[in-house]
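> Got a predicted model here, sequence first, then my questions.
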Amino acid sequence: MYFAGFSINILTLLGIVLATGLVVDDGIVVTENIFKKMEAGMSRRQAAIEGSKEIIFVVLSTSLTLAVVFLPVLFLEGFVGSLFREFAIVVSSATLISAFVSLTITPVLNVYLGGNNHGWFYNKTEPFFRSFENGYRNLLSAFIKVKWIAWVLILACGVSIYYLMNTLQSELAPLEDKSTFRITMSGQEGASFDFMRKIANNLETFMMDSIPHRTFSFFSVPGFMSTGVNSGMGRIGLTSPDERELKQSDIVKNLNKKLGRFNDVRLFAIEEQTISVGLASRGSLPVQFVVQNLDFEKLKTGVTEIVEQARADKTFQNVDINLKFNKPEEQITIDRLKARELGLTISDIANTIQSAFSGRRLDYYIHEGRQYQVIGQVDLMDRQDPADITKLYVRNNRGENIPLSSVVETRSSANPPTLYHFNRYKSATISASLAEGKTIGDGIKVMRSIAAEKLDESFQTSLSGPSRDFEESSSNTLFAFLLALLLIYLVLSAQFESFKDPIIIMITVPLALTGALGSLYFFGHTLNIFSQIGMITLIGLVTKNGIMIVEFANKKRLLGMSKLQATIDGAAERLRPIIMTSLATALGALPIALSFGSASTSRIPLGIVIVGGVCFSLVLTLFVIPAIYLFLSGKHVKNIDENEN
């Protein structure tokens, strides 16, 4: 961290906590193998040399595999890469350093600190572990007789992954209880500052009575980055989570139900996203769906249909749109032919209307040392209604006063106060908050379904704000996951000098993913950026077990054993280190899964994925990998003399 210029922050600390369980894995494998040599009668020094030499390939393979997993994360673009780059470097660096320590310092420590005599604890527990190994050997021998079941288990895992991926809800990150939330206000077009300020004052009084856990509240009219005075925003502060019974999300949901009593404005209580890119994403509604079309009339019709159906859908709680046709306009049509007959010009008519209603400055005058503007317009009582336009008179070129009603026609209409563009297309952004139990992924899915039903091929759709962040993170992590699989296969192929053995080892990945997704489903969590990074990490963690089984089985076959016997012996001899390393990894990630306190909600899915995936794959790996090895492993030439030398 020091040489990379990283700071101590949540993600680097998260990497350190996770690495605590990982860095001991290599030491466990090396120490366990050295003790096996010592129990076979070797001296401490000889056991350290032979044990380290025998296990060096496994240690290097497992460490390189875990380090390579994070390589795609280092080169991810956007906020996902910026967010998890430090986490990836901390974990991969700790793993590589632990491999170096395990192959250099750990054997030396075993020579000086290890002992040939076992204590009482060993004498008490060793019979249990011996019987456990024998029981596993017998179960594995029985399973191999029906080894085709391994393919059934793999197929079942594949089906489970497909089902869980389509069942689990998805979001960018779980919403944290930040003890604060926002309120947005939007009034009718043309609403005055005084009107909006009065609403804001009433709303603040309402907050004081309705939210007992409130610590502060303030409202601003107009709202931040607003283009008019008919909007406002507010922020409400809450006491810390441990000082109140209700969660922030429950308070916001209850408040949104009560805000309907304010009929004069539209009000939304919004929880800020845990991860957001820019101020626009932080304070906006979670679902931001952009509809685009070159034809403005088609856009007007299309978005109206989408909004109507979205408001009827139970996925959303509040639906709004930025393209509002609520700005009143009065269209004046001049009868040019009749105006010419009456001696009027278009300029005469326009100047008369402008002088009466525009309130333009005509001149300045000075009174008692002060300068004042001269504003030209009719009395207030004569400019309250659009029909007042036709009450005006215009002087023609003959000096006659002609009523405007004789040469103009007026028609009232409503148009949007602002025209929006997105990627050079005329656009409208539909914003929506989510109903209880729904996530951004659910909202986007429903919006796209409605758009596919209501819009034709001339329309284009896109995402903005938090929805765009969610889409970007999902595509980036999927790319990193697939690239990590490819890189691990290439690294293992180079190390094993085989294209089949890496496939056998990587069978552990679907087994682990089933456990990870099942754990998320069981504990009620979502697919989000933290759980997805946990799955990428899981690839490197679970392939360790497969590497140990396959490598020792290959060595047994090189010594002249049959494939069946080498598979059973290799798996049985690696049983203890596999269990110890898996438990160390799971226990190291357990504090993350059991996180308490503020800002712990987003970290929990990462820990659940690792603990659930490692534990579930541990059980299946011990039986499935040996069976698949018998199916797929290639020939290994006997080379007893060379190995002895």
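Happy to help now that I have it. Since this is a predicted model, take the numbers as computed values, not measurements.

> Looks to me like N318 is in a strand.
Yes. According to DSSP: H, G, I helix; E, B strand; the rest coil, the state of N318 is that of a strand.

> That one bridge partners, please.
S433 (DSSP bridges).

> burial count for it?
Other residues within reach of N318 by the criterion other CB atoms under 10 Å amount to 19. From N, CA and C alone the C-beta is placed, and that goes for glycine too.

> That one against L434, yeah?
No. Proximity of N318 to L434 does not meet the contact threshold set by CB atoms under 8 Å, at 9.2 Å.

> for the stretch 151-300 of the chain, which spans come out with low pLDDT?
Along the stretch 151-300 of the chain, the model assigns pLDDT under 70 to residues 190, 224-228, 277-283.

> Could you rerun that using 90?
Applying pLDDT under 90 to the stretch 151-300 of the chain flags the ranges 169-287, 293-300.

> What segments of it are helices?
Under the criterion DSSP state H, counting those that start in this stretch, helices of the stretch 151-300 of the chain are mapped to 193-210, 248-258, 278-283, 296-312.

> Let's have the ones you listed in JSON lines, adding distance to Q46.
Supplementary listing: those in JSON lines, determined by distance: least, CB to CB, whole Å:
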{"stretch": "helix 193-210", "distance to Q46": "77"}
{"stretch": "helix 248-258", "distance to Q46": "63"}
{"stretch": "helix 278-283", "distance to Q46": "63"}
{"stretch": "helix 296-312", "distance to Q46": "74"}
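
> can you redo those helices as CSV with distance to V108 and mean neighbour count?
Shown next, in CSV, are the helices of the stretch 151-300 of the chain (distance: least, CB to CB, whole Å; neighbours: other CB atoms under 10 Å):
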stretch, distance to V108, mean neighbour count
helix 193-210, 67, 15
helix 248-258, 53, 16
helix 278-283, 53, 15
helix 296-312, 67, 17
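
> List the residues that contact the spatially closest residue to N256 that is not a sequence neighbour.
The shortest distance from N256 to any residue other than its chain neighbours is 5.1 Å, reached at A269 (CB to CB, 6 or more residues apart in numbering). If you count contacts by CB atoms under 8 Å, 6 or more residues apart in numbering, A269 has them with F181, R182, I183, I236, V252, L255, N256, L259.

> With respect to V374, which of the residues you listed is nearest?
Closest approach between the contacts of A269 and V374, by CB to CB: I183, at 42.7 Å.

> Please work out how many residues are found near the closest one.
Here the number of neighbours of I183 (other CB under 10 Å) works out to 24.

> Test my guess that it contacts R266.
No. I183 sits out of contact with R266 when judged by CB under 8 Å, with a separation of 10.9 Å.

> Now do the shared contacts for these two.
Listed as contacting both I183 and R266 by CB under 8 Å, 6+ apart is no residue at all.

> so G232 makes contact with R182?
No. G232 is beyond contact range of R182, at 11.0 Å (criterion: CB under 8 Å).

> If you count surrounding residues, which of the two has more?
For G232 versus R182, the count of surrounding residues by other CB under 10 Å is larger for G232: 25 against 19.

> OK, contacts around that one?
Applying CB under 8 Å, 6+ apart, the residues near G232 are T184, M185, S186, M196, I199, A200, F219, S220, V221, P222, G223, S226.

> Does anything pack onto the longest helix belonging to the chain? Which helices or strands?
Here the longest helix in the chain is taken by residue count, with DSSP state H as the criterion, and it is helix 78-113. Contacts of helix 78-113 with other secondary structure elements, assessed using 3 or more CB pairs under 8 Å, 6 or more residues apart in numbering; DSSP states H and E, are made with helix 10-39, helix 44-69, helix 71-74, helix 465-496, helix 529-558.

> and the ones you listed, which is most packed in?
helix 529-558 (a mean of 25; mean count of other CB atoms under 10 Å).

> For that one, the averaged confidence score.
Averaged across helix 529-558, the pLDDT comes to 88.

> residues in contact with the helix or strand following that helix?
The element immediately downstream of helix 529-558 (helix or strand, assigned by DSSP states H and E) is helix 563-573. Counting contacts by CB under 8 Å, 6+ apart, the residues outside helix 563-573 that touch it are 36, 133, 136-137, 140-141, 144, 549-557, 561, 622, 625-626, 629-630, 633.

> one more time with 7 Å
By CB atoms under 7 Å, 6 or more residues apart in numbering, the surrounding residues in contact with helix 563-573 are 133, 136-137, 140-141, 549, 552-553, 556-557, 561, 622, 626, 629-630, 633.

> Where does pLDDT dip in the stretch 351-500 of the chain?
Ranges of the stretch 351-500 of the chain meeting pLDDT under 90: 351-426, 428, 431-441, 454-458, 464-484, 491-492, 494-500.

> check contacts around A94.
Counting by CB under 7 Å, 6+ apart, the residues that A94 touches are A19, L22, V23.

> What score does the nearest residue to K37 once chain neighbours are set aside have for pLDDT?
Nearest non-adjacent residue to K37, counting by CB to CB, 6+ apart: A47, 3.6 Å away. Per-residue pLDDT puts A47 at 87.

> Just the CA trace of stretch 482-502, in CSV.
Extracted C-alpha coordinates of stretch 482-502, given in CSV (Å, rounded to 0.1, in the frame of the first residue of the first chain):
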residue,chain,number,x,y,z
LEU,A,482,-15.1,-14.0,-17.8
LEU,A,483,-11.6,-12.7,-18.3
ALA,A,484,-10.5,-14.0,-14.9
LEU,A,485,-11.7,-17.5,-16.0
LEU,A,486,-9.8,-17.3,-19.2
LEU,A,487,-6.6,-16.1,-17.5
ILE,A,488,-6.7,-18.8,-14.9
TYR,A,489,-7.2,-21.5,-17.6
LEU,A,490,-4.1,-20.2,-19.5
VAL,A,491,-2.0,-19.9,-16.3
LEU,A,492,-2.9,-23.5,-15.2
SER,A,493,-2.4,-24.8,-18.7
ALA,A,494,1.1,-23.4,-18.7
GLN,A,495,1.9,-24.8,-15.2
PHE,A,496,0.4,-28.3,-15.7
GLU,A,497,1.5,-28.4,-19.4
SER,A,498,-1.9,-29.8,-20.2
PHE,A,499,-5.2,-28.5,-21.5
LYS,A,500,-7.3,-31.1,-19.7
ASP,A,501,-6.1,-30.7,-16.1
PRO,A,502,-7.1,-27.0,-15.9
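
> what sits against the closest residue to Q495 other than its chain neighbours?
Sequence neighbours aside, S61 is the residue nearest to Q495 in space, at 5.2 Å (criterion: CB to CB, 6+ apart). Residues counted as contacts of S61 (CB under 7 Å, 6+ apart) are L492, Q495, I547.

> For S61, report the pLDDT, please.
The model reports S61 with a pLDDT of 85.

> Now do the contacts for the spatially most central residue of the chain.
Closest residue to the average C-alpha location of the chain: L172 at 2.2 Å, with CA atoms, centre = their mean. The contact partners of L172, by CB under 7 Å, 6+ apart, come to Q273, I275, I440, P466, D469, F470, S473, N528, I529.

> and of these, the nearest to Y162?
For these, the closest approach to Y162 (CB to CB) belongs to N528, at 19.3 Å.

> Mind checking what secondary structure P417 has?
Taking three-state DSSP, the label given to P417 is coil.

> Not counting sequence-adjacent ones, nearest residue to D388?
Leaving aside its sequence neighbours, D388 is closest to D382 (5.6 Å, by CB to CB, 6+ apart).

> how many neighbours does that neighbour have?
A count of neighbours around D382, defined by other CB under 10 Å, yields 13.

> Make 12 the first number, not 1, from now on.
From this message on, residue numbering opens at 12, which makes the last subject D393.

> I figured it hits I400, correct?
No. Between D393 and I400 no contact is recorded; they are 10.3 Å apart, counting by CB atoms under 7 Å.

> Can you tell me how far Y147 is from Y431?
Note on Y147: its distance to Y431, by CB to CB, to the nearest Å, is 66 Å.

> again but with S231, I slipped
In terms of CB to CB, S231 sits 23 Å off from Y431.

> Please consider this matter closed, and thank you.
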